[in-house]
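Chemist: A predicted structure for the sequence below; I have some questions about it.
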Amino acid sequence: MEQYIIKGGKPLVGEVTIGGAKNAALGVIAAAIMTNEPVRIQNLPDISDVDILLKGIEALGAVVERPTVHEARLIGGSITTCIAGYDDLRKIRGSYYLCGAMLGKYKRAEVPLPGGCNIGSRPIDQHIKGFEALGAKVVIQHGMIIAEAEKLEGAHIYFDCSSVGATINVMMAASMASGQTVLENAAKEPHVVEVANFLNSMGANIKGAGTDIIRISGVSSLHGSTYSIIPDQIEAGTFMLAAAATKGDVLIKNVIPKHLEAVTAKLVEIGVEVEEFDDAVRVVASKRLVHTNIKTLPYPGFPTDMQQVMATLLCVAEGTSIVTETIYENRFMYVDELARMGACMRVVEGNSAVIEGVEKLTGAIVRALDLRCGAALVVAGLMADGYTTVEHIEYVERGYEKLVHKMCELGAAIEKVDSEDTKAIQKFKLRVG
C-alpha cells in the first residue's frame, strides 16, 4: 500500500502551476459524447477520476485518444450502447453526468449510481426531478439509474436546493430537448459555467450560467469543438492554505483569482498577505495567524471542498475558531485524525466544529478518509514537528495531479513510498534529517 511520508517544519517557497479543474473536466468529458463529431479537450488534470471516466466512455464504443496526459480526443459517433457498464465508473461521483449526456442525445441512459468520497448523503432526487420534468421516465434498479424518453420537451424546473450535479446533468439533457427550458435556483459554481460554455462551443444555446436562472433553447444536434478546461480552484486554494500553514511565500500561477475570493478573504482576515495578479496569486505568511469563523456555502460562498484544509490551518491559529459545514454532513470525519497530531478540535451539534488553536502540531500516522481529508492531512504534516505518515492516499490522487512533485518543487520534504518498503522510508529520513 502506498503512503506519503512527510517531514514537517519547512516553509513552502517558490512558484507552482495549477492544473485543470477536476469537477469541470468530468462534466465536459461527459458532454463531449453528445456530438458525433470529434471533440478535443485540453488542460485535463492527470488524475484517476479523469482516466476512469474516459475508459468508461471508451467502453460505450466511443473513440478515445490521449495524445498527452493533459489532452483527449473523443468521437462519440461510434457509441454502440447506452448502458455504462464499466465497473470502475461506480467509484467516481462524476459518472452520473453520462446520464444527462446520453439522455439528451439518445433519449436513453443506464448509468451506475455515483460513488466518490464518503462525505455524506448526496441524493440524486433533483436530477431525477429534472429529467422527469423534461419527459423522461426514471427508475433505479440493480444499482443503476435508468432514464428513457420518447422525446424530451423543454420545461420550467425549480430545484428544491442548489445542486451542482443536478444543474449540469439537467442542463445537458435540456440542451437537446425540444423547446425552451428554464432552470431556477440553479447552482452558480464555476464548473457549471464551464460545462455551459463547452456545450455552447458545440452549438448549444444556453444563457445565464453563473446566475440562479439558466435559460436553454434546445437544439437538434451538436458539432465538434476544441476546448481548454479552466484551472482548478480547489487545487489552487489548497496550495494557498499550504503556503499560509507553513509560513511560506508561494506564487500560485494559472488561476482565476475571482474563483478564489472566498478563500482569499478568509486568509487576509487571519493575517495572511495575499497579492492578486491577472492569472496568479501570491501568498505570504510570516507570523502566527489569528482565529476566525467559517461557514461553507454554495458558490460564491466559502467552498465545502476547502473546509477541511482551512480547519487544519486554524488548528494552529491563536484563539478559538468555529467551522460550520452546511453542505455535507460527514465532512468532520478528519477531526479524529488531526487529534492524533495534537489538534484541539471538537464537533458540536453535528455540523460545526470548535477549534482551540494550539502552538504546533506533531507528526503521527494518519489515514486519508476522503479526498479533501487527505489534502488536509498533507498540509497538517507539512506544518507539524517530526514525521507524518498519510495512509490511503488513493483518495488524494483522485483529485490532485502530481501533488508530491509540486510540493517538493516548493521545498517540502514529502515522498510517496510503499508501506512495506522500509529501506525507502529509512532513506527518506536520512536524506531530510
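Modeler: Nice, thanks for sending it over. Given the structure is predicted, the values throughout are model-derived calculations rather than measurements.

Chemist: what's the neighbour count on K253?
Modeler: By other C-beta atoms under 10 Å, the residues close to K253 number 16. For the C-beta atoms, the positions are set from N, CA and C on the backbone; glycine is no exception.

Chemist: err, L371, not the other one
Modeler: Counted by other C-beta under 10 Å, the residues lying close to L371 total 25.

Chemist: just to check, it is in contact with V396?
Modeler: Yes - contact criterion C-beta atoms under 8 Å: L371 and V396 qualify, at 6.4 Å.

Chemist: which strands or helices does whichever strand or helix holds T238 pack on?
Modeler: Element membership of T238 [criterion: DSSP states H and E] is helix 233-245. In this structure, helix 233-245 packs against helix 22-31, strand 249-253, helix 261-269, strand 280-284, helix 307-314, helix 371-383, with contacts taken as 3 or more C-beta pairs under 8 Å, 6 or more residues apart in numbering; DSSP states H and E.

Chemist: just the CA trace of it, in CSV.
Modeler: The C-alpha trace of helix 233-245 is given here as CSV (Å, rounded to 0.1, in the frame of the first residue of the first chain):
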residue,chain,number,x,y,z
GLN,A,233,-9.9,26.5,-7.9
ILE,A,234,-9.7,23.8,-5.2
GLU,A,235,-6.1,22.8,-6.0
ALA,A,236,-5.2,26.5,-6.1
GLY,A,237,-6.9,27.0,-2.7
THR,A,238,-5.1,24.0,-1.2
PHE,A,239,-1.7,25.5,-2.2
MET,A,240,-2.7,28.9,-0.9
LEU,A,241,-3.6,27.4,2.5
ALA,A,242,-0.5,25.2,2.5
ALA,A,243,1.7,28.3,1.9
ALA,A,244,0.0,30.1,4.8
ALA,A,245,0.2,27.0,7.1
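
Chemist: so for that helix, mean pLDDT?
Modeler: Averaging pLDDT along helix 233-245 gives 98.

Chemist: share the number of residues neighbouring the closest residue to G143 other than its chain neighbours, please.
Modeler: Nearest residue to G143 in three dimensions, chain neighbours excluded: L113, at 5.5 Å (C-beta to C-beta, 6 or more residues apart in numbering). If you count neighbours by other C-beta under 10 Å, L113 ends up with 14.

Chemist: from I128, how far out is L113?
Modeler: 12 Å (C-beta to C-beta, to the nearest Å).

Chemist: shared neighbours, these two?
Modeler: Residues touching both L113 and I128 (C-beta atoms under 8 Å, 6 or more residues apart in numbering) are I145.

Chemist: mind listing the strands for the stretch 1-150 of the chain?
Modeler: Along the stretch 1-150 of the chain, the segments classed as strands by DSSP state E, counting those that start in this stretch run 2-7, 13-17, 38-42, 63-68, 71-75, 108-112, 137-141, 144-148.

Chemist: alright, calling it a day.
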